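Engineer: following is a predicted model, sequence given first.
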Amino acid sequence: MILDELNFAELYRQQMQQAGRTTKAPEHWDARAEKMAEVCANPQDPYLVQLQSKIDLRNASTLLDMGCGPGSVCLNLAGSLTQVWGVDYSRGMLEVAGRRAAAMGLQNVTLLNKSWEDDWTEIPECDIAVASRSTLVADLQQALIKLNNKARLRVYTTHTVATSFVDVAVQRAVGRPVVELPNYIFAVNILYQLGIHPKVDYIRGPNCQNKTESFEQFSESVSWSLGTLDDTELQRLFDFYQQKKRMGQVIVPPSRDWALVYWDKTQTL
């Protein structure tokens, strides 16, 4: 089979459908905004430290952070730029980002309530466009095109390396069907078919489900990703946890890897 005969944009959409993945309502993220600020926006977070070290700000004065959440990227880089825009479809996330910006004394932050699917006319063209941990969208090709077209210099996106947010062994232990999502390979191939040859690097961050000192911590972290567990699922998870403890085994992998897929803007698509 010839590579160019494969439609990776369509294969991505098919994989999302097979996984049963649908876009979560903004209210889902509104309810998680405060917690996300604690977990994901700390300037010393290993993921953020690594990501920011890889973003080239040379000759850049403006930045677009798409799917900004509580401002994890744009607020931490605002001190090095003239103006940053944080965009998210969750008003709750933007409210938290706004409070954080005020607490940090930042005067160069503009927050916009937009989704990937909305009209982006209101979003200005920026030197740097970033989409950090926000690229698991319904139509990845359109998302990548939009980012590319809003950037003057460079685009940085991060995607999962694994095909699941929850360790497969945990999903099986609680009796849930294993859900495999499209990973970074789809982004690389979609960009290739758009005429863009991106670079790929990797970021190793802590696994948010690696809080295993107690079963309560572990079950809470699993529920964060899988949703509420019923009594039967909780018992299965407890049995899994206890067995791993007795055998002295690692309960879940200690790290979660992300792929940084990035490129220099060369053309408007």
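Structural biologist: In hand now; what should we look at?
Engineer: for the stretch 1-150 of the chain, what spans make up the helices?
Structural biologist: 8-18, 26-30, 33-40, 46-54, 74-77, 91-103, 140-150 (DSSP state H, counting those that start in this stretch).
Engineer: and these, which is most packed in?
Structural biologist: Of all those, helix 74-77 has the most neighbours on average by mean count of other CB atoms under 10 Å, namely a mean of 23. Where you see a C-beta, it was placed from the backbone N, CA and C, and this is true even at glycine.
Engineer: which residues does that one contact?
Structural biologist: Here helix 74-77 makes contact (CB atoms under 8 Å, 6 or more residues apart in numbering) with 41, 43, 48, 52, 55, 57, 63, 65, 68, 84-86, 97, 100-101, 104, 106, 109, 130.
Engineer: same thing but 10 Å
Structural biologist: Helix 74-77 is contacted from outside by 41-43, 45, 48-49, 51-52, 55, 57, 60, 63-66, 68, 71, 81, 84-87, 97-98, 100-101, 103-104, 106, 108-111, 128, 130, 132, using CB atoms under 10 Å, 6 or more residues apart in numbering.
Engineer: buried ones from those, can you make that a ChimeraX selection?
Structural biologist: A single ChimeraX command selects the buried members of those (16 or more other CB atoms under 10 Å):
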select :41,45,48,51,52,55,60,63,64,65,66,68,71,81,84,85,86,87,97,98,100,101,106,109,111,128,130,132
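Engineer: re earlier: which stretch in the helices of the stretch 1-150 of the chain has the least confidence?
Structural biologist: Note on the helices of the stretch 1-150 of the chain: helix 33-40 shows the lowest mean pLDDT, a mean of 75.
Engineer: now that one against helix 46-54, angle please.
Structural biologist: Using axes from the mean of the first three to the mean of the last three CA atoms, to 10 degrees, the direction of helix 33-40 lies 70 degrees away from that of helix 46-54.
Engineer: now, the contacts of helix 74-77 that are in strands?
Structural biologist: Secondary structure assignment by DSSP state E places 63-66, 84-87, 109-111, 128, 130 of the contacts of helix 74-77 in strands.
Engineer: and the two most separated of these?
Structural biologist: Leu111 and Ile128 (17.0 Å; CB to CB).
Engineer: ok, back up a step: got the helices of the stretch 1-150 of the chain as CSV, with distance to Thr163 columns?
Structural biologist: Shown next, in CSV, are the helices of the stretch 1-150 of the chain (distance: least, CB to CB, whole Å):
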stretch, distance to Thr163
helix 8-18, 9
helix 26-30, 21
helix 33-40, 21
helix 46-54, 19
helix 74-77, 28
helix 91-103, 26
helix 140-150, 14
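Engineer: so which of these comes closest to Lys245?
Structural biologist: helix 33-40 (24.5 Å).
Engineer: hmm, who's touching that closest one?
Structural biologist: In contact with helix 33-40 (CB under 10 Å, 6+ apart) are residues 29, 32, 45, 47-48, 69-73, 88, 90-97, 99-100, 132-133, 205-206, 208, 224.
Engineer: mind running it again at 6 Å?
Structural biologist: Here helix 33-40 makes contact (CB atoms under 6 Å, 6 or more residues apart in numbering) with 69-70, 72, 92-93, 96.
Engineer: which among those gets closest to Gln141?
Structural biologist: Gly69 (22.8 Å).
Engineer: ok, the closest one - contacts?
Structural biologist: Neighbouring residues of Gly69 by CB under 6 Å, 6+ apart: 36, 93.
Engineer: if you set the cut-off to 10 Å instead, what comes out?
Structural biologist: 29, 32-33, 36-37, 40-41, 86, 88, 90, 92-94, 96-97, 132-134.
Engineer: quick check: it vs Leu63, distance?
Structural biologist: Remark: distance between Gly69 and Leu63 (CB to CB, to the nearest Å) = 15 Å.
Engineer: same thing with Ser221?
Structural biologist: Ser221 is 31 Å from Leu63, where distance means CB to CB.
Engineer: over to Glu216?
Structural biologist: For Glu216, the distance to Leu63 - CB to CB - is 39 Å.
Engineer: let me know the pLDDT of Thr121.
Structural biologist: pLDDT, read off for Thr121, is 96.
Engineer: quick thing: my sequence starts at 51, can you match it?
Structural biologist: Okay, using 51 as the starting number, the last item reads as Thr171.
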